Structures are given as C-alpha cells and as structure tokens.
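Enquirer: model the structure of this input:
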Amino acid sequence: MVGKTRRRLASELIGELIVIDKKIKTTKQELTDLVNSTGSQLMDLTGIGPSGAGRLLGDIGDIARFASRAHFVS
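Expert: Numbering: from 1, shown residues only. Got it, this is the predicted structure:
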C-alpha cells in the first residue's frame, strides 16, 4: 500500500514538474522576444540572459534620457 501511494505521488509530482518546465520555457521565450523587440543588444553580453536584460531595461528605462555615459553611471 505504501509503495503504491509513493509511486502515485511521485508520478503526480513529475507531471507537475513537466507542466512547470513548459511554462518556464514559454515564459523565457516570450521574454527573449520582448527584449529582442526593443533592439537591445544586452543579451549579447556574457552572463546576461533574457531575465537580466529585461530587468535592466525595466529599471533603466529609456537610455536616451542620459546625456552621456558619465551621467548614466552616476
């Protein structure tokens, strides 16, 4: 009885993980498409993926509002 229950629970959890994994992949692709639609080249940088690029774009906003690199850095 315990073995059956354990197998059933494991099977249910694996099914849930498969659904979550698909959602993550879909969301990552949507975010990649959104970042690419901005014309940003942030994801060309080593270590910057779709979530990092999206976060930077969201936090910084329009980069043109900074007069120079020095203004951006400060």
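Enquirer: just checking, what packs against the helix or strand harbouring Glu30?
Expert: Per DSSP states H and E, Glu30 falls inside helix 2-37. Contact here means 3 or more Cβ pairs under 8 Å, 6 or more residues apart in numbering; DSSP states H and E; on that basis helix 2-37 packs against helix 50-60. The way it works is simple: take the backbone N, C-alpha and C, and place the C-beta from them, glycine included.
Enquirer: what's the first helix or strand after the helix it packs on?
Expert: Helix 50-60 is succeeded, C-terminally, by helix 69-73 (DSSP H and E).
Enquirer: how much space between the residue most central in space within the chain and Thr38?
Expert: When Cα atoms, centre = their mean is applied to the chain, the residue found nearest the centroid is Ser51 (3.5 Å). Distance, Ser51 to Thr38, using Cβ to Cβ, to the nearest Å: 14 Å.
Enquirer: repeat for Gly47
Expert: The value you get for Gly47 to Thr38, if Cβ to Cβ is used, is 19 Å.
Enquirer: show me which of those two is the more surrounded one.
Expert: Using other Cβ atoms under 10 Å as the criterion, Gly47 and Thr38 rank with Thr38 on top: 11 against 6.
Enquirer: not counting residues beside it along the chain, what's closest to the more buried one?
Expert: Leu57 (6.1 Å; Cβ to Cβ, 6 or more residues apart in numbering).
Enquirer: still on that earlier bit, quick check: buried residues in the helix holding Glu30?
Expert: Going by neighbour count (16 or more other Cβ atoms under 10 Å), the buried part of helix 2-37 is Leu31, Thr32, Val35.
Enquirer: residue ranges in this protein under the pLDDT threshold?
Expert: Along the chain, the model assigns pLDDT under 70 to no residue.
Enquirer: again, only using 90
Expert: Under the criterion pLDDT under 90, the flagged ranges of the chain are 1-2, 61-67, 69, 71-74.
Enquirer: for Gly61, which residues are in contact?
Expert: Contact partners of Gly61, counting by Cβ atoms under 8 Å, 6 or more residues apart in numbering, are absent.
Enquirer: if I look at it, how far off is Thr26?
Expert: For Gly61 relative to Thr26 (Cβ to Cβ), the value is 26 Å.
Enquirer: I appreciate the help and will end here.
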